[in-house]
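1. Below: sequence and its predicted model.
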Amino acid sequence: MDDENLVYRALQQHLDKGPVGFPATPSGIDIDLLKKLFTPPEAQIATCLSNIKLEPPKTIQRRVKKSGIKMTLDELKQTLDIMAKKGILLVHSAGLKERYYKNAGVTAGGIVDFQVNRINKDLADTFHKYHVEVFANAEMTGTHSVPQLRTIPVEQSIRTPEKHNVATYDDIRQLLEDSPGPFSVANCVCRQTKDIQGEPCIHSDIRETCLQIGTDHARHYVEMGIARYVSKEEAFEILERARQAGFILQPENSRRPENICCCCGDCCGLLSAVKKSPNPAAMYASNYFATVDTSLCKACGNCVKRCQLEARAIADGVSTVNLDQCIGCGNCVITCESGATRLAKKPVALVPPKDKDATFMKIMSGKIGFWNMVKLRLKIMLGMRV
């Protein structure tokens, strides 16, 4: 292995230690992907960044210097800002005099999302090949049971009296109403990727469906030049268009999500991969599932056409629900003219972590175990790279 490949392999191994991970692949497509995203010097610097904790440039510079890279603090700051603009790391600056940085995950919810509006066919194909290979080798994806995203019901899919008992974290309107903003919207990188690959979305030509919430996250997207600020009212309008198109609401798996995806089964990299598994419902965080009152069902088939997970079917003259496939999005409910389909709440509620940081720490705990988490927290306290 030549020196350049060693640099990228070191980065892959470092990123794989993070909450989301970045598994190596038998084909080496993981290294090809990193080469398309990072220059060799950027890869070396990213290997010095934390995967978990936002840190100031001075802290990062000590590691950079120790690794043998000669770079002044100003040069490092400039390079980090260039990398942030490229969407290959995360930056936090809201209300702070100094900018703080850490690595972003490579796949969904991270670097892949940040390539929207600048992704080309070569990069799109490489991302796709990586995802296919990783999901085909399920053992590489780890065993932690905390997903990054959760599914919540679309508006108007929970009827009276049940709607009065919906938790805030399962109510899209309440999530936005409770947030002070700002809000921004970006094109969906998954649908954009499919457009580039010549397989446009079969459900809608809407592309602006990826919402960002909060001072830091929304501003980061806007600063990268891949999103625009929107009012809370426009955010609701975007969600309504997504609802009419039949998209699935997937906010980050926390009580204060910074990102809300509006997904479809033919474009979303995660959904399209997961729905091929025998039990997608077990892989999603959701508090609801669809039910059918067979006495009301007219077997019209609207629910079958609407379902993105292929969980609905008509059998013996009535609609059925495959509970292994259903993730409780509610899209079938709002198209059921007879009122036969309703959402039912699962007996044990899944309460999401309080925020994104808590989600990632919970993912890490499931990934490395209790005692390794104790060591990890100690490293964080000591300012060590994690």
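-> That came in fine, so what should we check first?
2. ok, and the closest non-adjacent residue to Asn5?
-> Spatial nearest neighbour of Asn5, excluding adjacent residues (C-beta to C-beta, 6 or more residues apart in numbering): Ile31 at 6.4 Å. Every residue, glycine included, has its C-beta placed from N, CA and C.
3. likewise Ala242?
-> Cys262 (3.8 Å).
4. try Lys362
-> In this structure, Lys362 finds its nearest non-sequential neighbour in Val146, 4.8 Å apart by C-beta to C-beta, 6+ apart.
5. Equivalent analysis for Arg256, please.
-> Asp355 is the one closest to Arg256 (C-beta to C-beta, 6+ apart), at 4.8 Å.
6. neighbours of the one you found, just the number please.
-> A count of nearby residues for Asp355, using other C-beta atoms under 10 Å, gives 16.
7. how much space between it and Ile363?
-> As for Asp355, its distance to Ile363 is 13 Å (criterion: C-beta to C-beta, to the nearest Å).
8. Likewise for Cys336?
-> From Cys336 across to Ile363, the span is 36 Å (C-beta to C-beta).
9. now do Lys65
-> Here Lys65 is placed at a distance of 31 Å from Ile363 (C-beta to C-beta).
10. more neighbours, those two?
-> Counted by other C-beta under 10 Å, Lys65 and Ile363 do not tie: Ile363 has more neighbours, with 22 against 14.
11. mean confidence for stretch 43-52?
-> The predicted model gives stretch 43-52 an average pLDDT of 96.
12. just the strands in the chain please.
-> Using DSSP state E, the strands of the chain run over residues 89-92, 100-103, 183-187, 208-213, 227-230, 248-251, 259-263, 288-292, 312-315, 318-321, 341-345.
13. what's the average pLDDT for the first one?
-> When you say that, I think you mean strand 89-92. Averaging pLDDT along strand 89-92 yields 92.
14. packing partners for that strand?
-> Applying 3 or more C-beta pairs under 8 Å, 6 or more residues apart in numbering; DSSP states H and E, one finds that strand 89-92 makes contact with helix 73-86, strand 100-103, helix 215-223.
15. rerun at 7 Å
-> Contacts defined by 3 or more C-beta pairs under 7 Å, 6 or more residues apart in numbering; DSSP states H and E place strand 89-92 against strand 100-103.
16. Centroid-wise, who is the farthest residue in the protein?
-> Ser295 (39.0 Å; C-alpha atoms, centre = their mean).
17. Quick one: residues contacting Leu123.
-> Counting by C-beta atoms under 7 Å, 6 or more residues apart in numbering, Leu123 touches Lys36, Gln115.
18. confidence score at it?
-> Taking Leu123 on its own, its pLDDT is 96.
19. do you know how far it is from Ser179?
-> Taken as C-beta to C-beta, the span from Leu123 to Ser179 is 32 Å.
20. before we move on, what about Pro40?
-> Pro40 is 40 Å from Ser179, where distance means C-beta to C-beta.
21. do the same with Gln148
-> 19 Å.
22. Which of those two has more residues huddled nearby?
-> Set side by side, Gln148 and Ser179 show more neighbours around Gln148, with 22 against 16, by other C-beta under 10 Å.
23. For the closest residue to the more buried one other than its chain neighbours, give me the pLDDT.
-> The shortest distance from Gln148 to any non-neighbouring residue, by C-beta to C-beta, 6+ apart, is to Gly109 (5.1 Å). Listed pLDDT for Gly109 reads 77.
24. So Gly109 sits against Val189, correct?
-> No: Gly109 is beyond contact range of Val189, at 10.6 Å (criterion: C-beta atoms under 7 Å).
25. which one of the two has more residues nearby?
-> Neighbours per residue, other C-beta under 10 Å: of Gly109 and Val189, the larger number sits with Val189, 26 against 21.
26. okay, now Val304: neighbour count?
-> Residues within reach of Val304, counting by other C-beta under 10 Å, total 16.
27. no no, Lys354
-> By other C-beta under 10 Å, 12 other residues sit near Lys354.
28. again, but for Asp266
-> Counted by other C-beta under 10 Å, the residues lying close to Asp266 total 17.
29. and it, what is it in contact with?
-> For Asp266, counting by C-beta under 7 Å, 6+ apart, the contacting residues are Cys201, Ile202, Ser272.
30. Quickly note the distance from the last one to Cys188.
-> If I follow you right, that is Ser272. Counting by C-beta to C-beta, the gap from Ser272 to Cys188 is 13 Å.
31. more crowded one of those two?
-> Between Ser272 and Cys188, counted using other C-beta under 10 Å, Cys188 has the larger neighbour count: 26 against 19.
32. low pLDDT regions in the stretch 1-150 of the chain?
-> Counting by pLDDT under 70, the ranges of the stretch 1-150 of the chain that qualify are 1, 94-96, 136-145.
33. Pick out the residue nearest the middle of this structure.
-> Centroid-nearest residue in the chain: Gly109, 3.3 Å away (criterion: C-alpha atoms, centre = their mean).
34. Report the backbone C-alpha coordinates of stretch 344-356 in PDB.
-> Provided in PDB are the C-alpha atoms of stretch 344-356 (Å, rounded to 0.1, in the frame of the first residue of the first chain):
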ATOM      1  CA  ALA A 344     -52.300   2.800  16.500                       C
ATOM      2  CA  LYS A 345     -49.700   3.600  19.200                       C
ATOM      3  CA  LYS A 346     -47.300   0.900  20.200                       C
ATOM      4  CA  PRO A 347     -47.700  -0.300  23.800                       C
ATOM      5  CA  VAL A 348     -44.200   0.900  24.800                       C
ATOM      6  CA  ALA A 349     -43.200   4.400  23.700                       C
ATOM      7  CA  LEU A 350     -39.800   5.000  22.300                       C
ATOM      8  CA  VAL A 351     -38.700   8.300  23.800                       C
ATOM      9  CA  PRO A 352     -35.800   9.800  21.800                       C
ATOM     10  CA  PRO A 353     -32.700  11.300  23.400                       C
ATOM     11  CA  LYS A 354     -32.800  15.000  24.300                       C
ATOM     12  CA  ASP A 355     -30.600  16.200  21.500                       C
ATOM     13  CA  LYS A 356     -28.200  15.200  18.700                       C
END
